[in-house]
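1. the following comprises the amino acid sequence and a computationally predicted model.
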Amino acid sequence: MSGRLQHKSALITGAGSGIGLESSILFAQEGSNVLLVDVNLAAAEKTAAIIAQKYPNVKAVAVKADVGKEDEVKSAVDAAVNAFGRLDVIFNNAGIMHPADDNALNTEEKIWDLTMQINVKGVWWGSKYAILAMRNNPTDEAKGLHTGGSIINTASFVASMGAATPQLAYTASKGAVLSMSRELAMVHAREGIRVNTISPGPLKTPLLMDFLNTPEKRDRRLVHLPMGRFGEAVEVAKAALFLATDESSYMTGGDLKVDGGLTSSYVTPL
Ligand code: NAD
């Protein structure tokens, strides 16, 4: 299938790596213009170059923004509307897992605050400015375009499970993403704005693999994974694509778990 996002426009945060990179490429493959937001501009520009080469029929614009700063999030949404004339999808995906994030006793307040600033406030502001933009989306029945849109927020399996290898601020931040998104979904359900989360399991992306830098650390997790492997970023991007398209038109307030069965597991196969 192709053209699933034809004529549409999407903003993806954290577009320079991992889930954001793979989602940007998939959205573009399906015909969407994409505004690629990352605090690392060079990384976002690399994603834009890949898309320009593979899918020259869509517009891919790289923008530097820190999602932990409200004015930068607002500017990024404005940039999408200015470049494409509309915003149908926002994927609030950027997030951090700080190496100094630990248990209740060892986590410093500044690490807690930084994690909340990016992982929670970033999603709040992305949603806020997307809602304002989506209300103004022009309708064009012939092209399948309408007011409203789809907001997709990246949570995590740790929003639903406790880990004895703690990262307390990160875990709390992802719980907040889950509950905030549910409430956003209720408030905006009658104006054609859908809000859903994705809860990925542990993935082979820099965010986790930089942290799990020894075989012991990786094995400590792998034993709990029913499929016996970490996930790939593109496996999450495919779920994001589904939530971005009208194929998920009756889904709002939902959480799509893309976790290899992790959150359903008790005893895993040997
Ligand atoms: P990644 O580290 O591969 O990519 C994250 C991208 O976000 C990077 O390009 C980075 O530069 C960018 N970024 C970081 N802080 C930013 C900021 N303040 N403003 C704008 N951009 C910023 O990570 P990933 O694994 O693709 O993670 C994406 C999302 O998925 C995150 O929210 C993460 O918490 C979540 N997640 C990841 C895993 C996993 O195992 N990797 C599991 C569950 C949830």
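-> Sure, I can see it.

2. where does pLDDT dip in the chain?
-> 1 (pLDDT under 70).

3. for it, which residues are neighbours of the ligand?
-> 13-14, 16-20, 38-40, 43, 66-68, 93-97, 118, 154, 156, 200, 202-203, 205-208, 233 (CB under 6 Å from any ligand atom). All C-beta atoms are positioned from the backbone trio N, CA, C, and that covers glycine.

4. mind checking which of those are buried?
-> Buried subset of the residues of the chain next to the ligand (neighbour count, 16 or more other CB atoms under 10 Å): 13-14, 16-20, 38-39, 43, 66-68, 93-97, 118, 154, 156, 200, 202-203, 205, 207-208, 233.

5. excluding its backbone neighbours, what's nearest Thr13?
-> Ala94 (3.9 Å; CB to CB, 6 or more residues apart in numbering).

6. make that Asn57, sorry
-> Counting by CB to CB, 6+ apart, Asn57 lies nearest to Gly31, which is 7.5 Å off, once chain neighbours are set aside.

7. Val73 too?
-> Residue nearest to Val73 in three dimensions, not counting chain neighbours: Trp125, with 4.1 Å by CB to CB, 6+ apart.

8. remind me which helix or strand that neighbour belongs to.
-> In this assignment (DSSP states H and E), Trp125 forms part of helix 122-134.

9. now do the buried residues in that helix.
-> Within helix 122-134, the residues scored as buried using 16+ other CB under 10 Å are 122-131, 133-134.

10. next SSE after it?
-> Immediately after helix 122-134, counting by DSSP H and E, sits strand 149-154.

11. quick check, central residue of this protein?
-> Nearest residue to the geometric centre of the chain (CA atoms, centre = their mean): Asn93, 2.3 Å.

12. that one against Ile12, yeah?
-> Yes: Asn93 lies in contact with Ile12 (CB atoms under 8 Å); the separation is 6.3 Å.

13. next, show the common contact partners of these two.
-> Residues touching both Asn93 and Ile12 by CB atoms under 8 Å, 6 or more residues apart in numbering: 20, 23.

14. can you show me the CA trace of the helix with the most length in the chain as PDB?
-> Longest helix in the chain by number of residues, with DSSP state H as the criterion: helix 168-187. The C-alpha trace of helix 168-187 is given here as PDB (Å, rounded to 0.1, in the frame of the first residue of the first chain):
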ATOM      1  CA  LEU A 168      12.700   7.000  38.500                       C
ATOM      2  CA  ALA A 169      12.400  10.300  36.700                       C
ATOM      3  CA  TYR A 170      12.100   8.700  33.200                       C
ATOM      4  CA  THR A 171       9.500   6.200  34.500                       C
ATOM      5  CA  ALA A 172       7.400   8.900  36.100                       C
ATOM      6  CA  SER A 173       7.700  11.100  33.000                       C
ATOM      7  CA  LYS A 174       6.300   8.300  30.800                       C
ATOM      8  CA  GLY A 175       3.400   7.600  33.200                       C
ATOM      9  CA  ALA A 176       2.600  11.300  32.800                       C
ATOM     10  CA  VAL A 177       2.700  11.000  29.000                       C
ATOM     11  CA  LEU A 178       0.200   8.200  29.200                       C
ATOM     12  CA  SER A 179      -2.300   9.900  31.500                       C
ATOM     13  CA  MET A 180      -1.900  13.400  29.900                       C
ATOM     14  CA  SER A 181      -2.600  11.900  26.500                       C
ATOM     15  CA  ARG A 182      -5.800  10.100  27.700                       C
ATOM     16  CA  GLU A 183      -7.200  13.300  29.000                       C
ATOM     17  CA  LEU A 184      -6.200  15.300  25.900                       C
ATOM     18  CA  ALA A 185      -8.100  12.700  23.900                       C
ATOM     19  CA  MET A 186     -11.300  13.200  25.900                       C
ATOM     20  CA  VAL A 187     -11.200  17.000  25.800                       C
END
